[in-house]
Every structure is written in structure tokens, then in C-alpha cells.
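K.L.:
Got a sequence here, can you build the structure:
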Amino acid sequence: MLNFNQKTLKNTIKLNGIGLHNGVNVNLTIKPAKENFGIKFCRIDIEKNNLIEANYKNVTEPILCTKIKNNSGVTVSTVEHLMAAFFGEGIDNALVEIDAAEVPILDGSAIEFVEAIRSVGVKEQNEQRKFISVKKRVEIKEGNKFMSIEPLNNDLVVDFEIVYKNPLIRTRRKEFKLSEGDLTNIYNSRTFCLYEDIDFIKSQGLAKGGSLENAIVVRENEILNDDGLRNRHEFIYHKILDCLGDLMLTGYRILGYVKTSQGGHALTNKLLLKFLSDQSNWSLDSSESVKKNNLVKDSNKKTLSARL
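P.N.:
A predicted model of the protein is given here:
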């Protein structure tokens, strides 16, 4: 049977690493939280006004990562991989304590977050979840880039296309249906960049902690990392990972069809702002309503839908 109850961690998790963009060593502690708490970050290196809700309305300057900010201007960046791990592992409520301004990049994927969550286990709570059901199609366009969300009765589908001039990456497209797919390769897929873009990225004060230990670097037809790619779809799977993390900033599981070409953090946030700004575009459904209307179907498979 599918479980529609909220979940948190059974125990506390501690992780350490460096920030991809600020290059600062950071300690991260993830604690269980009560029902309806949601996901919140606490900057323990700051004494006052240090709590930041993981919410799409709090996203600011989404350049090469997702950064969130509270009303006092306190920020935490590169939250997307951790948020994707929470999404995939079914974590609704957690307090993330962090002693710097950026979540550690670890190996550039979400797998270490996932393994840490699985190592302590997940606790089912009494309160039931709510789901965002898409009622109307909404689209955002920026030049050749676009992203849309439209109704889908029983699932969340992410249809993602990337377009690069690089001869190794080129144009790739994958449709990932969460009720059927195995998340292993998505969790494992690392962030990537083109070798020729590195100097510019660093000139913007970014990627100070970047290395071949936490990112794939592509130079023409060559992968500079000694271990190559972890899977043949790693480039686009990582983009889907980012997208799942950014969608998690709604605070709920979305039931709908998300399609994008050349999307990214900024485009996803703009779509969510437009989509959720009009109540006629969506409904917030209780677990009982979802069950009654058969919006999420039972499955015995070990898939993401079993954790929705």
C-alpha cells in the first residue's frame, strides 16, 4: 500500500564538506522535525534571524545553483541536491543546521545525502500529506528556453531536454516518470560544466570549491574526470535531479507533467511563481482526496511513487 503520511528522519545526520561556489568548509546537521514543520535551514553561525524556510518564494539569485533568503537577508545556497534527496526519500519535515552560507557539494550528486538518510532511517508520522494537483497548463518562455506544467492525474513526470553545442553533450532528452523509474542513476549523477566556461564562472566569484572530485568537466569530446561518466545519461539525469530539488521548494508533492527545454534553476522558479500565483491553476488536495480520486495508484514496485 502507498503511504500518504508525512515522514521525518529517525535520527540526526551529520555531514561535512566544502561549498561548490564559496569554497568554504561547512558542517551540516540534519535533525528530525515535528509534523507540518516542513524543511527549514538554520544558519548556526549567525545568532539572530537565522531560520530560512525552504520555499520557492524565498529563492534569490538562482545563478548556477538555488539560493534561498529570509526576510532578514540571511541566505543559504546550493540547496537543490539535498532537497532532491528529501523529495526522493520521502522526507517532509527536517531542520537543517548549517554553519556557513552554502550546503556542501560533496561529490556533486545527491547520493551521499541519500545514503545518510537511509543510514538512520525514515520515521512515519501521524499527520497526512497534501498534494498539489495541476488544473491548468502554465508555460514560461525565454528565447529558446521554455518550461511548462500541465495536468496529469496519477503521477509526476519530468520531461527534460538539454541543448549544448559541445559535441559530446549535444542535444539530449529524457522523460522520467516517477511512478516507474529507479532513482539510483539520478541520485548518482553529478553536476557538470564545460572546460571553456571555467574561467568565466570563477571570474563571477563562483566555483571556488569546484574540482574534478565534485563536478564533471567536459573539454570538447573528452571527459577530464579519470572515472568518466557514471552512466550514459549522467548529464541530463543531473538536470532532472536539480529540477526535482527545485520542485520540492513548493513544500508539497506535485502531481502533474513538467516539460522543459534548456531549463534550469531560474526558469523552474519563475514557472513555480507564475503557476502558484493563480489559485485556479492548481488545488491542494488531502491524502484522502488523492486516494478517492485515484490520483496516485498503488504499486508494489520500489519506486519513487512509493515514497510520494
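K.L.:
Report the secondary structure state of the closest residue to residue 194 other than its chain neighbours.
P.N.:
Distances taken as CB to CB, 6 or more residues apart in numbering put residue 218 closest to residue 194, at 5.5 Å, once the chain neighbours are dropped. To be clear about C-beta, it is placed using only N, CA and C from the backbone, and glycine gets the same treatment. Three-state call for residue 218 (DSSP: H, G, I helix; E, B strand; the rest coil): strand.
K.L.:
Isn't residue 218 up against residue 192?
P.N.:
Yes. With contact defined as CB atoms under 8 Å, residue 218 and residue 192 form a contacting pair (6.3 Å).
K.L.:
Closest to the geometric centre of this protein, which residue is that? Let me know.
P.N.:
residue 245 (1.0 Å; CA atoms, centre = their mean).
K.L.:
Let me know the helix or strand that that residue is in.
P.N.:
Here residue 245, judged by DSSP states H and E, is contained in helix 234-247.
K.L.:
next one: residue 160
P.N.:
Here residue 160 is assigned to strand 156-163, by DSSP H and E.
K.L.:
Residue 178: neighbour count?
P.N.:
Residue neighbour count, defined by other CB atoms under 10 Å, stands at 24 for residue 178.
K.L.:
pretty sure it contacts residue 157?
P.N.:
Yes. Using CB under 8 Å, residue 178 makes contact with residue 157 at a distance of 7.1 Å.
K.L.:
Looking at the helix holding residue 245 now, give me its mean pLDDT.
P.N.:
Average pLDDT, helix 234-247: 97.
K.L.:
Give me the distance from it to the chain's centre.
P.N.:
Distance, stretch centre to chain centre, for helix 234-247: 7 Å (CA atoms, centre = their mean, to the nearest Å).
K.L.:
who touches residue 244 in this structure?
P.N.:
Shown in contact with residue 244 (CB atoms under 8 Å, 6 or more residues apart in numbering): 83-84, 87-88, 158, 186.
K.L.:
Among those residues, which pair sits farthest apart?
P.N.:
Largest separation among the contacts of residue 244 by CB to CB: 83 and 158, giving 14.4 Å.
K.L.:
Among the contacts of residue 244, which ones are in helices?
P.N.:
Secondary structure from DSSP state H places 83-84, 87-88, 186 of the contacts of residue 244 in helices.
K.L.:
from those, which would you call buried?
P.N.:
In the ones in helices among the contacts of residue 244, burial by neighbour count holds for 83-84, 87-88, 186, counting by 16 or more other CB atoms under 10 Å.
K.L.:
Distance to residue 151 and pLDDT for the residues you listed - can I get that in a markdown table?
P.N.:
Below are these laid out as a markdown table (distance: CB to CB, whole Å; pLDDT from 0 to 100):
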| residue | distance to residue 151 | pLDDT |
| --- | --- | --- |
| 83 | 24 | 98 |
| 84 | 23 | 97 |
| 87 | 20 | 94 |
| 88 | 23 | 93 |
| 186 | 24 | 95 |
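K.L.:
Turn the residues you listed into TSV, including distance to residue 232.
P.N.:
Shown next, in TSV, are those (distance: CB to CB, whole Å):
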residue	distance to residue 232
83	26
84	20
87	24
88	21
186	13
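K.L.:
Please identify which of these is nearest to residue 269.
P.N.:
Out of those, the member with the shortest distance to residue 269 (by CB to CB) is residue 83, at 12.5 Å.
K.L.:
Could you list the buried residues of stretch 162-178?
P.N.:
162, 169, 172, 174, 176-178.
K.L.:
And the furthest pair within these?
P.N.:
Most distant of the buried residues of stretch 162-178, by CB to CB, are 169 and 178, 24.4 Å apart.
K.L.:
how about the helices of the protein, start to end?
P.N.:
So, for the chain - with DSSP H - the helices run 80-89, 111-120, 184-188, 198-203, 234-247, 265-277, 287-292.
K.L.:
what residues does the lowest-mean-pLDDT helix or strand in the chain touch?
P.N.:
Least confident helix or strand, the chain: helix 287-292 with a mean of 81, by mean pLDDT, DSSP states H and E. Applying CB under 8 Å, 6+ apart, the external contacts of helix 287-292 come out as 4-5, 128-131, 133, 255, 295-296.
K.L.:
Filter these down to the ones in strands?
P.N.:
5, 128, 130-131, 133, 255 (DSSP state E).
K.L.:
For the residues you listed, pick the one with the most neighbours.
P.N.:
Of those, with other CB under 10 Å as the count, residue 255 tops at 24 neighbours.
K.L.:
Need the pLDDT of the residue lying closest to that one once chain neighbours are set aside.
P.N.:
Excluding the flanking residues, the one nearest residue 255 by CB to CB, 6+ apart is residue 133, at 4.9 Å. As predicted, residue 133 sits at a pLDDT of 95.
K.L.:
Check whether residue 133 really touches residue 257, as I assumed.
P.N.:
No. The pair residue 133 / residue 257 is not scored as a contact, 11.7 Å apart, by CB under 8 Å.
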